[in-house]
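Chemist: below: sequence and its predicted model.
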Amino acid sequence: MKVLVLWPPHVPSYFNAGHHISTFLTAGHLRTLDAVDSVRAIDAGALNYTWKELGDLLFQERFDVIAVINDFDNVDDLPRLLKYVRTLSPGTKVVTAGRLSAQSPLSFREFDLDAVVVGGGDPEAGVAAYVRHLAEPSGPPPAGVALRGQDPAQAPAGLFLRPDAWVLPDVTEIPYEAYERLYQRDQNKFCGIPQRRELVVPAARGCPVNCSFCEVPTFQGLKDRRLTVERTLGYIEESFARHPFEYVAFYAPTFTLDRKWTAHLCRELIARGSKYPWKCATTIAHLGDELLDLMARSGCVRVSVGVETLDPAGHDALPRLKRLEQERYERLAASCARLGVELNCFVIVGLPGTTVAGTAHTAHTIRAAQGRVRPTVYSSMDRLRAAASPEEAAAFNRQLLHPDDVPDAETAQSLYGLVYGREDWVTPVTERVPQRGTDAVPERSTESLERAR
């Protein structure tokens, strides 16, 4: 069986290389299946594919299966993609999996899809289950998959893979040079560090914090699953030996949730000379001065945390452990400043209960303490899960206020000013990440080489 794993062409509203890694995790997992002869993985979004290029690929290759990785903002052109597939390669089966279908499987019923991987399991496990189903149609129904015409609620439960079953991405097929370009303008408030090459390490999945505005509990489960420290370090060392990476981005919902694991990793990095600058995301509740000091000594240059709001009026919309007093934030910010670790703070604009003034005060307090503000617009995952159409699901894009949540026009514009208003501040972290020597010539990704021919 010949398979294409595709992140589809689209105009991104936000970019995080960690989200795109699902494309290559899925491809790697499919390569372990006996029923699969070949797999190509293409991030057509980051590579700025044209529809002509995609048409050439579909017509010339005639894949047996295309697995489309879906996300919150990449399905706007899904009908066009499916039209091209049905016209240029009519025998191809199309399955989709990703963050959006895990939250809102009902909204995919209108698309011309053969299967949808729904919530309650890892995306690569769902795609693999569908491929096995095509190879052996008489077998049991594919776990975590709604077949064409099937009610997603009736799909069998999916499978959350053990970490030792994760097939870590092959860095030579990931278009890291394209990702680097997307991070160049720091004012976009994307997650990467400008002018430096990032290695994404998918270290952990799952989170028990269970915020109502976060997709992780449905997409990855409430239980923390993570690689061993030894496998994590092995992947970093191997990847840096193969490609001119300059820092590590640990892709994990709550990186320091397992403090013993984190401390073990830090000590091992220190023993290796702290030669890999790195960043992570976690919660303030899962940090402490002792752990933060160890992280800084091991090479940590940025910690992203969900501040969400410092406005007490918004605390009812947050889990108890994320209800943050300003004094507590300022203590953490002072520790980060002392240790040379940038504090990247997620702030939710339009969080229920908050005001424009309260949100503006949150942003001002963060900046005054030398923090980086990364704003996003509130979206309720509970309401997204009930969305029954693509149009309903698109309203929860974290870029615009949901129509039902829009206040008066003046207030709405003030809120948008907090997200889209001009800010000239640029992260100083770039200077803390050494550049590789000029003799380190980037090894271009497989797909980049294909397009250059």
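Modeler: Alright, I've got the coordinates.
Chemist: only C-alpha atoms for contact and neighbour calcs from this point on.
Modeler: OK.
Chemist: any idea of the mean pLDDT for the helix or strand containing residue 83?
Modeler: Per DSSP states H and E, residue 83 falls inside helix 78-88. In this model, helix 78-88 has an average pLDDT of 98.
Chemist: and whichever helix or strand comes after that helix, how far out from the chain's middle?
Modeler: Using DSSP H and E, the helix or strand that follows helix 78-88 in sequence is strand 93-98. Distance of strand 93-98 from the chain centroid (Cα atoms, centre = their mean, to the nearest Å) equals 18 Å.
Chemist: and strand 93-98, what does it pack against?
Modeler: strand 65-70, strand 115-117, helix 123-135 (3 or more Cα pairs under 8 Å, 6 or more residues apart in numbering; DSSP states H and E).
Chemist: hmm, who's touching stretch 58-75?
Modeler: The contact list for stretch 58-75 (Cα atoms under 8 Å, 6 or more residues apart in numbering) reads 1-13, 22-23, 84-85, 88-89, 91-101, 127, 131, 394, 397.
Chemist: repeat the analysis, applying 6 Å as the threshold.
Modeler: Stretch 58-75 has contacts (Cα atoms under 6 Å, 6 or more residues apart in numbering) with 2-7, 10, 88-89, 92-100.
Chemist: would you mark the buried spots in that stretch?
Modeler: For stretch 58-75, the buried set under the neighbour-count rule, 16 or more other Cα atoms under 10 Å, comprises 58, 62-75.
Chemist: which parts of the stretch 351-453 of the chain are strands?
Modeler: Under the criterion DSSP state E, counting those that start in this stretch, the stretch 351-453 of the chain carries strands at the ranges 372-377.
Chemist: how about low-confidence regions in it?
Modeler: 437-453 (pLDDT under 70).
Chemist: can you tell me the SS state at residue 267?
Modeler: Following DSSP: H, G, I helix; E, B strand; the rest coil, residue 267 is assigned to helix.
Chemist: circling back: could you check how far the helix holding residue 83 is from the centre of its chain?
Modeler: Helix 78-88 has its C-alpha centroid displaced from the chain centroid by 26 Å (Cα atoms, centre = their mean).
Chemist: and for stretch 257-267?
Modeler: The answer for stretch 257-267 is 22 Å, by Cα atoms, centre = their mean.
Chemist: cool, stretch 133-146 as well?
Modeler: 28 Å.
Chemist: please apply the same query to stretch 343-360.
Modeler: 22 Å.
Chemist: which residues are in contact with stretch 20-39?
Modeler: Contacts for stretch 20-39 (Cα under 6 Å, 6+ apart): 1-4, 124, 167-169.
Chemist: so of these, which ones are in strands?
Modeler: Among the contacts of stretch 20-39, DSSP state E puts 2-4 in strands.
Chemist: hmm, back to that, so which bits of the helix holding residue 83 are buried?
Modeler: Buried residues in helix 78-88, counted by 16+ other Cα under 10 Å: 78, 81, 84-86, 88.
Chemist: most neighbours among the contacts of stretch 20-39, which one?
Modeler: residue 124 (28 neighbours; other Cα atoms under 10 Å).
Chemist: which residue of the chain sits farthest from its center?
Modeler: Residue farthest from the centre of the chain, counting by Cα atoms, centre = their mean, is residue 138 at 35.3 Å.
Chemist: give me the buried positions along stretch 366-376.
Modeler: 366, 369-376.
Chemist: make sure residue 146 is indeed in a strand.
Modeler: Yes: secondary structure assignment places residue 146 in a strand (three-state DSSP).
Chemist: contacts only, for it.
Modeler: Applying Cα under 6 Å, 6+ apart, the residues near residue 146 are 115-116, 152, 155.
Chemist: is it bridged to anything, and to what?
Modeler: residue 116 (DSSP bridges).
Chemist: got it, and residue 282?
Modeler: In beta-bridge terms (that is, DSSP bridges), residue 282 pairs with residue 305.
Chemist: against residue 76, how distant is it?
Modeler: 30 Å (Cα to Cα, to the nearest Å).
Chemist: likewise for residue 131?
Modeler: From residue 131 to residue 76 the distance is 25 Å (Cα to Cα).
Chemist: quick one: low-confidence ranges for this structure?
Modeler: For the chain (pLDDT under 70), the answer is 437-453.
Chemist: which residue packs closest to residue 342, ignoring adjacent ones?
Modeler: Using Cα to Cα, 6 or more residues apart in numbering and skipping residues adjacent in sequence, the residue nearest residue 342 is residue 302, 4.5 Å away.
Chemist: domain parsing for the chain?
Modeler: 2-162, 183-432 (automatic domain parsing).
Chemist: residue 405: neighbouring residues, count only.
Modeler: Residue 405: 14 neighbours (other Cα under 10 Å).
Chemist: can you give me the helices for the stretch 251-400 of the chain?
Modeler: Using DSSP state H, counting those that start in this stretch, the helices of the stretch 251-400 of the chain run over residues 259-271, 289-297, 326-339, 356-368, 381-385, 390-394.
Chemist: tell me the phi and psi of residue 250?
Modeler: Backbone geometry at residue 250, expressed as degrees, to the nearest 10, gives phi -80, psi 120.
Chemist: ok, it - contacts?
Modeler: 201, 280.
Chemist: now for residue 409, how many residues are close by?
Modeler: The local packing of residue 409 (other Cα under 10 Å) involves 9 other residues.
Chemist: helix, strand, or coil at residue 41?
Modeler: When classified by three-state DSSP, residue 41 comes out as strand.
Chemist: can you tell me the closest non-neighbouring residue to it?
Modeler: residue 5 (4.7 Å).
Chemist: can I assume that neighbour is in contact with residue 43?
Modeler: No: with contact defined as Cα atoms under 6 Å, residue 5 does not reach residue 43; the gap is 8.5 Å.
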